[in-house]
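[1] take a look and give me a structure for this.
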Amino acid sequence: QIKTNFESNLNLALRDYNVTADRHSEAVDTIQRTLHCCGVQNYSDWERTEYFTQRGIPRSCCKSQDDCSEEDLKDPSKAKLKVFVDGCFFLVTSTMESKMSVVAGISFGIACFQLIGIILACCLSQYITNNQYEMV
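    Model prediction:
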């Protein structure tokens, strides 16, 4: 369900992508630059967006920022050589799945500390209760 939601939200972010300081657009740019990917499934996903009709594929997809011209980004056949061709959906989900063991390990460690705290609290409570009767 998380994968399905992420994919639909990524598709929505591509559809609504614009150049203004929109946080969804910034997130798409960051994902594409960081993971070296472009689009949801592949770079051709951009061809179905309104942004593509105006400006082509975003510069965040470029392999080299110096070698990407706006004309190249408007032509899908030229853009294929200049942009990352892999989609971001698979890369993001595989990255998340590879980090799940770390998250699970940290969660288990925190749970163990909580359990130790509960056991020590019970021991302290028992100790206080036993000593009260001796003092009287």
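[2] can you tell me the distance between the two ends of stretch 53-69?
    15 Å (Cα to Cα, to the nearest Å).
[3] residue ranges with poor pLDDT in the protein?
    19-21, 132-136 (pLDDT under 70).
[4] try 80 this time
    Along the chain, the parts satisfying pLDDT under 80 run over 1, 19-22, 130-136.
[5] quick one, helices of the protein?
    Using DSSP state H, the helices of the chain run over residues 2-15, 23-35, 50-55, 70-74, 76-82, 88-135.
[6] will you turn these into TSV that also has distance to residue 63 and mean neighbour count?
    (Each C-beta comes from the backbone N, C-alpha and C, glycine too.) Output for the helices of the chain, formatted as TSV (distance: least, Cβ to Cβ, whole Å; neighbours: other Cβ atoms under 10 Å):
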stretch	distance to residue 63	mean neighbour count
helix 2-15	19	14
helix 23-35	11	16
helix 50-55	18	14
helix 70-74	11	15
helix 76-82	6	15
helix 88-135	15	11
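[7] those helices: which one's closest to residue 61?
    helix 23-35 (5.5 Å; Cβ to Cβ).
[8] what does that closest one rub up against?
    Residues outside helix 23-35 that contact it (Cβ atoms under 8 Å, 6 or more residues apart in numbering): 10, 12-14, 16-19, 37-38, 58, 60-61, 84, 88, 91-92, 95.
[9] tell me the angle that helix makes with helix 88-135.
    Interaxial angle, helix 23-35 versus helix 88-135 (axes from the mean of the first three to the mean of the last three Cα atoms, to 10 degrees): 100 degrees.
[10] correct me, but residue 38 touches residue 59?
    No. Using Cβ atoms under 8 Å as the test, residue 38 is too far from residue 59 to be in contact (10.7 Å).
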